[in-house]
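Student: Okay, sequence plus prediction incoming.
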Amino acid sequence: MSNPHNTPHTGEQDVVESLVPLMPIVLPAAGAVLIFLLAFIAVFMA
């Protein structure tokens, strides 16, 4: 807070930080695949 000059981080970027912008796309897609697999298993077992 006392340093007004924001120095950029020069180290490696974290893997989790690089995936955060993709979460609105990845989470619904993974959910859809999971629901499809569960429905397929339920129909196959019936």
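Tutor: Right, received. Where do you want to start?
Student: Please report how far Ala32 lies from Leu38.
Tutor: 11 Å (Cβ to Cβ, to the nearest Å). Any C-beta I mention is one placed from the backbone N, CA and C, and that applies to glycine too.
Student: Quickly list what's touching both of these two.
Tutor: Counting by Cβ atoms under 8 Å, 6 or more residues apart in numbering, no residue touches both Ala32 and Leu38.
Student: What are the boundaries of the helices in this structure?
Tutor: 15-19, 23-45 (DSSP state H).
Student: Can you list the neighbours in contact with the longest one?
Tutor: Helix 23-45 is touched from outside by Leu19, with contacts defined as Cβ under 8 Å, 6+ apart.
Student: circling back: out of the helices of the chain, which comes closest to His5?
Tutor: Of all these, it is helix 15-19 that lies closest to His5, at 22.0 Å by Cβ to Cβ.
Student: Could I have the CA atoms of that closest one written out in CSV?
Tutor: The C-alpha trace of helix 15-19 is given here as CSV (Å, rounded to 0.1, in the frame of the first residue of the first chain):
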residue,chain,number,x,y,z
VAL,A,15,-1.0,-22.7,-13.4
VAL,A,16,-4.1,-22.1,-11.3
GLU,A,17,-4.0,-18.3,-12.1
SER,A,18,-3.9,-19.1,-15.8
LEU,A,19,-7.0,-21.4,-15.6
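Student: Who are the packing partners of that helix?
Tutor: Applying 3 or more Cβ pairs under 8 Å, 6 or more residues apart in numbering; DSSP states H and E, we find helix 15-19 packed against no helix or strand.
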